[in-house]
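S.K.: how would this look folded up:
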Amino acid sequence: MKRIEIINLRSAGTPRESIEQQIPRSVAEDDRSRTLASIHVYRHATLETDLSVHLLFESSKPQAQPSALGQHLASALKAFGLVSHSVWIEQDRELLINE
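M.R.: Numbers count the residues shown, from 1 in each chain. Below is the predicted model of the structure:
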């Protein structure tokens, strides 16, 4: 089952490069990322101070609570501004669009 944790950051003017350097450091500091499949970082299309970090996990059972890794990363990013952290679980079925 796939689960995604989304950590959104609205920074207080810190250069994006400084924030992006913190992400791999936080992941490296946390050895509880065994089910982590990938990490993707997005920036807002028009707001340079907004970042969204997506942690994709694959596991045999759904987990509604944020992972220890996600909590660690969200905590580290709070030093740069406002953070929101949410957990999403993939639906069991695909939605067919345009059929």
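
S.K.: and the worst-scoring helix or strand of the chain on mean pLDDT, what does it pack onto?
M.R.: Least confident element among the helices and strands of the chain, by mean pLDDT, DSSP states H and E: helix 16-29 (a mean of 78). Where contact means 3 or more C-beta pairs under 8 Å, 6 or more residues apart in numbering; DSSP states H and E, helix 16-29 is packed against strand 36-43, strand 50-58, helix 68-77. Where C-beta positions appear, they are placed from N, C-alpha and C, glycine not excepted.

S.K.: quick one, which of the ones you listed gets closest to Ala28.
M.R.: Ala28 lies closest to helix 68-77 among those, at 10.7 Å (C-beta to C-beta).

S.K.: partners of the next helix or strand along the chain from that closest one in the sheet?
M.R.: Sequence order places strand 81-89 as the next helix or strand after helix 68-77, per DSSP states H and E. Here strand 81-89 has these sheet partners by DSSP bridges: strand 2-11 (antiparallel).

S.K.: just checking, Ser84 touches Asn8?
M.R.: Yes. With contacts counted by C-beta atoms under 8 Å, Ser84 reaches Asn8, the gap being 4.7 Å.
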